[in-house]
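> Okay, here's the prediction I keep looking at, along with the sequence it came from:
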Amino acid sequence: MIKAGIIGSTGYAGEELVRLLLGHKDVQIAWYGSQSYAGKKYQEVYRNMFQIVDARCIDEDLKRLSDEADVIFTATPQGFLASRLSEEILSRTKVIDLSADFRIKEVSVYEKWYQVQHNCPQFLDEAVYGLGEINQEKIKSARLIANPGCYPTCSELAIYPLLKECMIDKDSIVIDAKSGTSGAGRGAKLDNLYCEVNENIKAYNVATHRHTPEIEEQLSLAAGCPVSVTFTPHLVPMNRGILVTAYASLAKDVTEDEVRDAYERFYQKEPFIRLLDRGICPETRWVRGSNYVDLNFQIDERTGRIVMMGALDNLVKGAAGQAVQNMNILFGLPEEEGLTMAPMFP
Ligand SMILES: NC(=O)C1=CN([C@@H]2O[C@H](COP(=O)(O)OP(=O)(O)OC[C@H]3O[C@@H](n4cnc5c(N)ncnc54)[C@H](OP(=O)(O)O)[C@@H]3O)[C@@H](O)[C@H]2O)C=CC1
Ligand SMILES: CC(=O)N[C@@H](CCC(=O)OP(=O)(O)O)C(=O)O
């Protein structure tokens, strides 16, 4: 049995981790970390866990907790892990971080976009970007995994094969993305009140969203040279889900079959990527509660552009599901273990 500890178990991403790990046959949750609910029963924080989880939340030092877990998930705000990680911790346990602390290799880029000081730059080189579809081999032997962001996961998976195959002009990429409100976490914020979100859709953090450098770094690795993108997120009135619609100019004459071949070649062995049938657009409702990413594309012959589309559940493939997928790869388990649930509907 793998003993797992969760710091930030009371947040939305943390709770989704709890839900998934409870259904994982090779995992036992060793402790439920929380600052504000320390001493309280987890089932009192999340009533869906009534008669399922009897444990109380604990607020303990990460170093001490690392003795009691084979893997620690940190589902905590930006800066938390980077201010506590040490060689001692990494020599005792694997760490899968759901925050952005170790996703971006350049400290100055991280500090500029996240507006926090990075307190642990010595582990940035070692951290592996946990996108299993692209970095599976590196993940296998990692000690520290930087779980990708929700928007970046969807954007990168939709665009990656076509950039890698030089089918699109790297300077022409525009990403329009939409997210449900759980993407903003459980903490009380004015912008996320029912009346602010319901019956509304808005763009936010236009040209300044902190996921931009993460997407650019990963797409640059695919292209083999610097790539910059225009990334615009939108908040939509639903609980879960991310929809990406990305546009780029075609770099050469390609047919629909050639583009489809590229996606199929890249993702043929990937259990969580579903390339939809021709003409079917991804929809968030068809992936909800699952670790699937639905992808498709459409060539616009008239403008010489291609539209690349993706949908995922931000709390599953965009956060906790991807973290469990990474844990499976790290511990040599089948990648799908504990993640084979079908999407829920309605
Ligand atoms: N929501 C999403 O869709 C996604 C989230 N993420 C990332 O996952 C992380 C968690 O996000 P999310 O669950 O949405 O956020 P929430 O605000 O819902 O939860 C944050 C969690 O962090 C804990 N926490 C806050 N401050 C501290 C602290 N100083 N020390 C220890 N624990 C602390 C809180 O615990 P408590 O209050 O009990 O102490 C809570 O459990 C973030 O880094 C986020 O960016 C990544 C991808 C998608
Ligand atoms: C709707 C909403 O507010 N979404 C969040 C998603 C951020 C997130 O999940 O944080 P990571 O950087 O750890 O991926 C946002 O736009 O900030």
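Sure, I can see it. Ligands and ions are numbered 1, 2, ... in the order given.

> List the buried residues in the least confident helix or strand in the chain by mean pLDDT.
Counting by mean pLDDT, DSSP states H and E, the chain has its least confident helix or strand at helix 62-65, which shows a mean of 88. By 16 or more other Cβ atoms under 10 Å, the buried positions in helix 62-65 come out as 62, 65. Every residue, glycine included, has its C-beta placed from N, CA and C.

> Other residues contacting it?
Residues outside helix 62-65 that contact it (Cβ atoms under 8 Å, 6 or more residues apart in numbering) are 5, 7, 31, 33, 72, 84-86, 88-89.

> Tell me the one among those residues nearest to D171.
Closest approach to D171 among the contacts of helix 62-65 (Cβ to Cβ): L85, at 36.4 Å.

> and the closest one, what is it in contact with?
62, 95, 120, 123, 144.

> Neighbour-wise, give me the winner out of those residues.
V95 (26 neighbours; other Cβ atoms under 10 Å).

> how much space is there between that residue and ligand 1?
The gap separating V95 from ligand 1 is 14 Å, by Cβ to the nearest ligand atom, to the nearest Å.

> What strands line up against the one helix or strand that residue maps to, and which way round?
Assessed by DSSP states H and E, V95 sits inside strand 94-97. In the sheet, strand 94-97 lines up against strand 71-74 (parallel), strand 144-146 (parallel) (DSSP bridges).

> Of the ones you listed, which is nearest ligand 2?
Closest to ligand 2 of the strands paired with strand 94-97, according to Cβ to the nearest ligand atom: strand 144-146, at 9.9 Å.

> So for the closest one, mean pLDDT?
What strand 144-146 shows for mean pLDDT is 98.

> my read: R285 touches G241, true?
Yes - counting by Cβ atoms under 8 Å, R285 touches G241, with 7.4 Å between them.

> neighbour count winner among the two?
In this view R285 and G241 are compared by other Cβ under 10 Å, and G241 has more residues nearby, 25 against 13.

> Nearest residue to the more buried one in space, please, no chain neighbours.
Among residues not flanking G241 along the chain, T284 sits closest, at 3.0 Å (Cβ to Cβ, 6 or more residues apart in numbering).

> And the pLDDT for the one you found?
In this prediction T284 is given a pLDDT of 98.

> Let the chain start at 337 from now.
I'll keep to 337 as the first residue from here, and by that count the last item is T620.

> which residues does it contact?
516, 574, 576-579, 647-649.

> what's the neighbour count on K441?
Other residues near K441 come to 15 when the count uses other Cβ under 10 Å.

> Please name the residues that touch it.
460-461, 553.

> re the thing from before, residues of whichever helix or strand comes after the strand holding V431 that come out buried?
For strand 430-433, the succeeding helix or strand toward the C-terminus, using DSSP H and E, is helix 443-450. Neighbour-count burial for helix 443-450 flags 446, 449-450 (criterion: 16+ other Cβ under 10 Å).

> Nearest residue to M663 in space, please, no chain neighbours.
Nearest non-adjacent residue to M663 (Cβ to Cβ, 6+ apart): V407, at 5.6 Å.

> was I right about the one you found contacting R428?
No - V407 lies out of contact with R428 (Cβ under 8 Å); the separation is 10.8 Å.

> okay, those two: which has more neighbours?
Higher neighbour count among V407 and R428: V407, with 23 against 18, using other Cβ under 10 Å.

> residues in contact with the more buried one?
By Cβ under 8 Å, 6+ apart, the neighbours of V407 are 338-341, 429-432, 663, 666-667.

> Turn those into a markdown table, including distance to H570 and pLDDT.
Formatted as a markdown table, these follow (distance: Cβ to Cβ, whole Å; pLDDT from 0 to 100):
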| residue | distance to H570 | pLDDT |
| --- | --- | --- |
| I338 | 38 | 98 |
| K339 | 40 | 97 |
| A340 | 34 | 98 |
| G341 | 35 | 97 |
| T429 | 38 | 97 |
| K430 | 35 | 97 |
| V431 | 32 | 98 |
| I432 | 28 | 98 |
| M663 | 31 | 98 |
| L666 | 34 | 98 |
| F667 | 37 | 98 |
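
> Mind checking which of the residues you listed are buried?
338, 340-341, 429-432, 663, 666.

> on that earlier part again, now, the contacts of T620 that are in strands?
578-579, 647-648 (DSSP state E).

> Which of the residues you listed ranks first by neighbour count?
Greatest neighbour count in the ones in strands among the contacts of T620, by other Cβ under 10 Å, goes to L648: 33 neighbours.

> any chance you could map the helices in the stretch 437-586 of the chain?
For the stretch 437-586 of the chain, applying DSSP state H, counting those that start in this stretch gives helices covering 443-450, 468-476, 486-500, 530-533, 547-559.

> Pipe the buried residues of helix 443-450 into a markdown table and attach distance to K605 and pLDDT per row.
Compiled in a markdown table, these are given as follows (distance: Cβ to Cβ, whole Å; pLDDT from 0 to 100):
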| residue | distance to K605 | pLDDT |
| --- | --- | --- |
| Y446 | 32 | 97 |
| W449 | 33 | 97 |
| Y450 | 34 | 96 |
